[in-house]
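In: Provided below are the primary sequence and the corresponding predicted coordinates.
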Amino acid sequence: MADGIEAAWDRVAELARTPGAGAIRPLMGDAGRADRLIRRAGDVRADLTKTSLSAEVLDALLDLARARGVLASRDAMARGEAINTTEGRAVLHMALRGPRGAFKAGSEDASAEVHDTLDAMRAFCARVHGAQSNGEIRFTDVVNIGIGGSDLGPQMAARALWRAGMPMRAHYLSNVDGHAWEAMRHGLDPARTLVLVASKTFTTAETMANAHLVRDWLRAGLGEAEAGSHLVALSTNLKATAAFGVPEAQVFGFKDWVGGRFSMWSAIGLSVALACGWDVFQALLDGARTMDEHFLSAPEAENLPLLMALAEVWHVDMLGYPTRAVLPYDERLARFPAHLQQVEMESLGKRVTLGGLPVARPTGPVVFGEPGTNAQHSFMQLLHQGTTPVPADIVLVANPDHGFEENHRQLLANGLAQAEALLRGRDATEVREEMEAKGMDAAAVEALLPHRLFPGDRPSTTLLIPHLDAATLGQLVALYEHKVFCLGALWNVNAFDQWGVELGKQLAGVLVPELAPGAQAGAHDPSTTALIAEIHRLRGG
Ligand SMILES: O=P(O)(O)OC[C@H]1O[C@](O)(CO)[C@@H](O)[C@@H]1O
């Protein structure tokens, strides 16, 4: 078996060594290319034809996926097996949007737990949204206090889906930097603000520090007894939520088989339901479910998350492209790259295999991004003319929810143009002709020529959706979640733990008391020791 896997890797590597392996333009005329590399899953039309996946390369990569048993691993995840081996947990975010009775974690009925919580969340939203007509106070604002997966997913979704006239305004407090709360609190009235403390563990230092700040603000504005009724907890740690003073009826739980970065579909998504309305949240879950159904049923060659994962293996491991850009051409998706950064980099930033051995090849790429067209005026220069290609995911939304048609045409045209420019580049003949047509003399033309050339053959994947709504957003996010799963299986790493975040947390815990006025620094490296001394000096003690 292991030999079969290594043979499959070798075959892909052999193709990567053939001259021109990274070229895309020569492949564009291949018959059958669109059939192989343009795939629909739900409402998402994904075009991978602007990559250097030739028919041969794709076949070799699909053989690798088969040798690695990616779809068999997928089925083990769906069966609720404890595939997160370093934490001994199942991985069941699909249960969060699945039908009743569909998922088990060991002998536990995972779906029953999910649906009980969803029912409680829906009833809570109905109460909050209907409060004014019942003569209760009407909450206008919801503050979600959380960080990482307890912030990025819901924040991204609320930003993408909130429209004027929806029930509440959502605010997201994540950074322990007090400036964040300082800026937020001035716009809020404690009497009309519902505060959600979102934390899987309910021990995350930043979240708990902010939760104390905001609870003090509620208490100062409303008195201690009243403040409790404005507090809601979203957590797996029910003991800690009670100790913090959240009434039991306002605690929404979930289980440890929901990873933080995959938790926006759980109670952690309550801020989205409160801000945008229950139907929107339900449509988000249903959208994700649509992608789950595709992922669970499509064979390898048609399985979009798997195809995107295979393209990444080709780029990262075979062509040596260590980064990827995510460019949503929709301002409402401004936080989509940030959410994917956690989903992908916290999952795939791994250096040992499931068996604890060093990986044989590079794993997760650096993911970064900004909405288009803004990205074009900041970092796209490097994608066009930098030394190492950066594959780009370009997300296009065919129909806007505004009436400014000309703006939208410009937006779409720019997204298409970037992908086209990355692919085709600009050769010397074209650049010379353009400069000569402008009347430039021959010396100037030759001097400027190298600066104006674009190598082209730079890969991109275009994801096109008809509208941006809860259903399509759910599909998009689930698509990337499943892509991450496939990459974890291909690279044989645990995509569901995150031990790498622990050391910094522990060291910060040691440093906090050392930064108190008059405190002595402990043993550190010379650079850190000098920085502590300088901070004390600048802070006057
Ligand atoms: O929801 P919690 O437990 O507060 O954790 C927040 C985030 O912190 C992390 O553990 C990383 O530090 C993430 O995985 C998680 O999403």
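Out: Yes, it's here. Given the structure is predicted, the values throughout are model-derived calculations rather than measurements. Numbering: from 1, shown residues only.
In: end to end, how far does stretch 391-404 reach?
Out: With C-alpha to C-alpha, to the nearest Å as the measure, the ends of stretch 391-404 fall 31 Å from one another.
In: which parts of it are buried?
Out: If you call a residue buried by 16 or more other C-beta atoms under 10 Å, then stretch 391-404 has these buried ones: 391, 392, 393, 394, 395, 396, 397, 400. Where you see a C-beta, it was placed from the backbone N, CA and C, and this is true even at glycine.
In: for those, which one is nearest the ligand?
Out: Nearest to the ligand, judged by C-beta to the nearest ligand atom, of these is residue 393 at 22.2 Å.
In: backbone dihedrals for that closest one, both of them.
Out: Main-chain dihedrals, residue 393, degrees, to the nearest 10: phi -100, psi 120.
In: number the chain from 21, please
Out: From this message on, residue numbering opens at 21, which makes the last subject residue 413.
In: quick check: the most centrally placed residue in the chain vs residue 383, distance?
Out: With distances taken as C-alpha atoms, centre = their mean, residue 360 lies nearest the centre of the chain, 1.8 Å away. According to C-beta to C-beta, to the nearest Å, residue 360 and residue 383 sit 16 Å apart.
In: got it, and residue 177?
Out: Residue 177 sits 27 Å away from residue 383, going by C-beta to C-beta.
In: compare those two (neighbour count), which wins?
Out: The residue with more neighbours, out of residue 177 and residue 383, is residue 177; 29 against 22, by other C-beta atoms under 10 Å.
In: so what's the more buried one scoring on pLDDT?
Out: Looking at residue 177, its pLDDT reads 98.
In: you'd agree it is up against residue 284?
Out: Yes: in this structure, residue 177 is within contact of residue 284 by C-beta atoms under 8 Å, at 6.1 Å.
In: OK, contacts around the residue in the stretch 371-520 of the chain that the ligand sits nearest to?
Out: Closest to the ligand within the stretch 371-520 of the chain is residue 518: 4.8 Å, counting by C-beta to the nearest ligand atom. Contact analysis of residue 518 by C-beta atoms under 8 Å, 6 or more residues apart in numbering lists 280, 366, 367.
In: what's it sitting at in phi/psi?
Out: Torsion angles, degrees, to the nearest 10, at residue 518: phi -160, psi 50.
In: cool, and the one 3 residues further on?
Out: Listed backbone geometry of residue 521 is phi -90, psi -10, with angles given as degrees, to the nearest 10.
In: nearest residue to it other than its sequence neighbours?
Out: Leaving aside its sequence neighbours, residue 521 sits nearest to residue 366 (C-beta to C-beta, 6 or more residues apart in numbering; 7.3 Å).
In: next one: the longest helix anywhere in the chain to chain centre, how far?
Out: In the chain, with assignment by DSSP state H, the single longest helix is helix 490-511. Here helix 490-511 is found 9 Å from its chain centre; the criterion is C-alpha atoms, centre = their mean, to the nearest Å.
In: quick one: buried residues of that helix?
Out: Quick answer for helix 490-511 (16+ other C-beta under 10 Å): 490-511.
In: got it, and stretch 478-486?
Out: Of all the residues in stretch 478-486, those buried under the rule 16+ other C-beta under 10 Å are 478, 479, 480, 481, 482, 483, 484, 485.
In: output it as CSV, nothing but the C-alphas.
Out: Written as CSV, here are the backbone C-alpha positions of stretch 478-486 (Å, rounded to 0.1, in the frame of the first residue of the first chain):
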residue,chain,number,x,y,z
ARG,A,478,0.4,32.1,-13.8
PRO,A,479,-2.4,29.9,-12.5
SER,A,480,-5.8,30.9,-11.2
THR,A,481,-9.1,29.2,-10.4
THR,A,482,-12.3,31.1,-11.0
LEU,A,483,-15.3,30.4,-8.8
LEU,A,484,-18.5,31.9,-10.2
ILE,A,485,-21.8,32.0,-8.2
PRO,A,486,-25.0,33.5,-9.5
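In: what's next to the helix or strand harbouring the residue nearest to the centre of the chain, contact-wise?
Out: Here residue 360 sits within helix 356-360, counting by DSSP states H and E. If you take C-beta under 8 Å, 6+ apart as the criterion, helix 356-360 is touched by 172-173, 175-176, 180, 346-348, 387-390, 415, 496-497, 500.
In: just those residues: which are in helices?
Out: Applying DSSP H to the contacts of helix 356-360, the entries found in helices are 172, 173, 175, 176, 180, 496, 497, 500.
In: what parts of the chain come near the ligand?
Out: 167-170, 219-221, 224, 227, 280-281, 366, 518, 521 (C-beta under 6 Å from any ligand atom).
In: circling back to that earlier point, name the nearest of the ones in helices among the contacts of helix 356-360 relative to residue 551.
Out: residue 172 (28.9 Å; C-beta to C-beta).
In: quick one: that closest one and residue 355 touch, right?
Out: Yes: between residue 172 and residue 355 there is a contact under C-beta under 8 Å: 6.9 Å.
In: neighbour-wise, which of those two wins?
Out: residue 172 (24 against 21).
In: what score does the more buried one have for pLDDT?
Out: According to the prediction, residue 172 has pLDDT 98.
In: please name the residues that touch it.
Out: Shown in contact with residue 172 (C-beta under 8 Å, 6+ apart): 281, 355, 358, 359, 362.
In: who wins for neighbours among those residues?
Out: residue 281 (26 neighbours).
In: in contact with that one, which residues?
Out: Going by C-beta under 8 Å, 6+ apart, residue 281 touches 168, 169, 172, 173, 362, 363, 366, 367.
In: mind doing that once more with 7 Å?
Out: Taking C-beta atoms under 7 Å, 6 or more residues apart in numbering, we find residue 281 in contact with 168, 169, 362, 363, 366, 367.
In: distance of it from residue 332?
Out: Taking C-beta to C-beta as the measure, residue 281 falls 17 Å from residue 332.
In: likewise for residue 298?
Out: In terms of C-beta to C-beta, residue 298 sits 36 Å off from residue 332.
In: of the two, who's got more company?
Out: Each of residue 298 and residue 332 has its neighbours counted (other C-beta under 10 Å); residue 332 has more, 24 against 19.
In: surely that one touches residue 506?
Out: No: assessed by C-beta atoms under 7 Å, residue 332 is found out of contact with residue 506, at 8.9 Å.
In: before we move on, back to that, can you give me how far the helix holding residue 360 is from the chain middle?
Out: For helix 356-360, the separation from the chain centroid amounts to 4 Å (computed by C-alpha atoms, centre = their mean).
In: just the C-alphas of it, formatted as CSV.
Out: Taking C-alpha atoms only, helix 356-360 is exported to CSV below (Å, rounded to 0.1, in the frame of the first residue of the first chain):
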residue,chain,number,x,y,z
PHE,A,356,-13.6,35.6,3.4
PRO,A,357,-9.9,35.5,3.0
ALA,A,358,-9.3,36.0,6.7
HIS,A,359,-11.7,33.1,7.5
LEU,A,360,-10.0,30.8,5.0
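In: which strands or helices does the helix or strand just after that helix pack on?
Out: Elements were assigned by DSSP H and E; along the chain past helix 356-360, the next helix or strand is helix 367-368. Other elements packing on helix 367-368 under the criterion 3 or more C-beta pairs under 7 Å, 6 or more residues apart in numbering; DSSP states H and E are helix 490-511.
In: please work out the average pLDDT along the helix it packs on.
Out: Here the average pLDDT along helix 490-511 is 98.
In: who does it touch, helix- and strand-wise?
Out: Using 3+ C-beta pairs under 7 Å, 6+ apart, the elements in contact with helix 490-511 are strand 64-67, helix 75-88, helix 90-98, helix 172-181, helix 298-317, helix 324-333, helix 367-368, strand 480-487.
In: what comes up buried for the third one?
Out: For helix 90-98, the buried set under the neighbour-count rule, 16+ other C-beta under 10 Å, comprises 90, 91, 93, 94, 96, 97, 98.
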